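K.L.:
predicted model follows, preceded by the sequence.
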Amino acid sequence: MTPMRRIPALDTAVSALGYGCMGISWAYVSPADRDDEAGVAIIREALDSGVTFFDTADAYADGHNERVVGRALAESGASPVVATKAGFVGNIVDGKIVMTRNGRPEHIRAACDASLQRLGLEVIDLYYLHRVDPEVPLEESWGAYADLAAAGKIRAAGLSEVSVEQADAAHAIHPVAAIQSEFSLWARDAAGGGQNQDGADVGDVVSWTKDHDAIFVPFSPLGRGFLTGRVSVGDLKAGDFRTQLGRWQSDAVQANQAIVEGVRRVADRHSVTPAAIALAWVLAQGEHIIPIPGTTKSANLQANLQALTVTLTNDDLAELDGLPPAVGGRY
């Protein structure tokens, strides 16, 4: 049986590992290379393997990702917990992904209706503000989420890539059920001592969620594939978002191999993949943590799920905790 973790705001439990759907049709794949059939198939396999928590967003390929998720769920007849997001708008300019923000209440309300239609749902289980819009007071954006909850269009509301200060401000208006941030062995800012994408001090968001009976949802818990030890810069196709990121530039990649080698040493002791160890470390940081690794390949999905069978020893955790910080910026 798949290990489960509870989402207090929904009064339900989901698989301890969720599934991040973005890579099916956005960021790592060009529009020309999208394969909706493969996307539906991998979601179906995740469902069959016991995954009951799926994460998407309207920004992923201008709603296309949500359509694929909606189709997969409709064809399977399954009813997992579905999370999606609004407030981030993704565009491709000169072959590169450019993201803009829109936290206006009217945009959020319209985006929710559009997401419900694409997903084929009557209510969204968990609806995130994808990013805080610096041009719109957080209180106004978050107030729209409170209105959507009151209207019965969403069951719970979450925030993405915020600081403790922002979480406090939102929580005073409407309960914050979840915070999603990048978190992994090479991205530990959300546990304190780092900065978010806006350059603001984050604080310990991981502890904040625990203290407020919310869940913490790490995205990119495998370092966008780097921590698996199976992805190299030379493998990345034109248009792959990772080619724009500091940690994926050649000098940084060479330095960051030390992190991968440390993960591999622990993996060898447990006779599992580095992916399983990297995810097991994230899971070990708290019972309120539900990572959402994504993949388009069956073998990778099963390797990720192998993390649920791993019990890291204190020595393992100490060794992993002692790995060097990543070189290069997250964005």
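P.N.:
Great, that's in hand.

K.L.:
where does the stretch 1-150 of the chain have low pLDDT?
P.N.:
Low-confidence segments of the stretch 1-150 of the chain, defined by pLDDT under 70: 95.

K.L.:
can you show me the strands along it?
P.N.:
Using DSSP state E, counting those that start in this stretch, the strands of the stretch 1-150 of the chain run over 4-7, 12-15, 19-20, 53-55, 81-86, 88-93, 96-101, 124-129.

K.L.:
just the buried residues of the first one, please?
P.N.:
Of the residues in strand 4-7, those scored as buried under the neighbour-count criterion (16 or more other Cβ atoms under 10 Å) are 5, 7. C-beta coordinates here come from the backbone N, C-alpha and C atoms, glycine included.

K.L.:
going by residue numbers, what spans are helices in this protein?
P.N.:
Across the chain, reading from the start of the chain, the helices by DSSP state H fall at 36-48, 64-76, 105-119, 138-150, 164-171, 205-211, 250-270, 274-283, 298-305, 314-321.

K.L.:
now the angle from the first one to helix 64-76?
P.N.:
Same thing as helix 36-48. Angle, helix 36-48 to helix 64-76, by axes from the mean of the first three to the mean of the last three Cα atoms, to 10 degrees: 60 degrees.

K.L.:
put the alpha carbons of helix 36-48 into PDB.
P.N.:
Listed next in PDB are the C-alpha coordinates belonging to helix 36-48 (Å, rounded to 0.1, in the frame of the first residue of the first chain):
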ATOM      1  CA  ASP A  36      -0.500  14.300 -25.200                       C
ATOM      2  CA  GLU A  37      -1.000  10.600 -25.600                       C
ATOM      3  CA  ALA A  38       2.200  10.000 -23.600                       C
ATOM      4  CA  GLY A  39       1.100  12.500 -21.100                       C
ATOM      5  CA  VAL A  40      -2.200  10.800 -20.500                       C
ATOM      6  CA  ALA A  41      -0.400   7.500 -20.300                       C
ATOM      7  CA  ILE A  42       2.000   8.500 -17.600                       C
ATOM      8  CA  ILE A  43      -0.700  10.100 -15.500                       C
ATOM      9  CA  ARG A  44      -2.700   6.900 -15.800                       C
ATOM     10  CA  GLU A  45       0.400   4.900 -14.700                       C
ATOM     11  CA  ALA A  46       0.900   7.200 -11.700                       C
ATOM     12  CA  LEU A  47      -2.800   6.600 -10.800                       C
ATOM     13  CA  ASP A  48      -2.400   2.900 -11.200                       C
END
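
K.L.:
for it, packing partners?
P.N.:
Taking 3 or more Cβ pairs under 8 Å, 6 or more residues apart in numbering; DSSP states H and E as contact, the helices and strands that helix 36-48 lies on are helix 64-76, helix 298-305.

K.L.:
do you know which of these lies nearest Arg118?
P.N.:
Arg118 lies closest to helix 64-76 among the helices and strands packed on helix 36-48, at 4.0 Å (Cβ to Cβ).

K.L.:
and the closest one, what does it pack onto?
P.N.:
By 3+ Cβ pairs under 8 Å, 6+ apart, helix 64-76 packs against helix 36-48, strand 81-86, helix 105-119.

K.L.:
go through it and flag the buried ones.
P.N.:
Neighbour-count burial for helix 64-76 flags 64-73 (criterion: 16+ other Cβ under 10 Å).

K.L.:
what's next to that helix, contact-wise?
P.N.:
Among residues not part of helix 64-76, those counted as contacts by Cβ atoms under 8 Å, 6 or more residues apart in numbering are 21-22, 24-26, 34, 36, 39-40, 43-44, 47, 54, 56-58, 60, 79-80, 82, 84, 115, 118-121.

K.L.:
for PyMOL, what selects the buried ones among the residues you listed?
P.N.:
Listed next is the PyMOL selection for buried residues among the contacts of helix 64-76, using 16+ other Cβ under 10 Å:
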select buried, resi 21+22+24+25+26+34+39+40+43+47+54+56+57+58+60+80+82+84+115+118+119+121
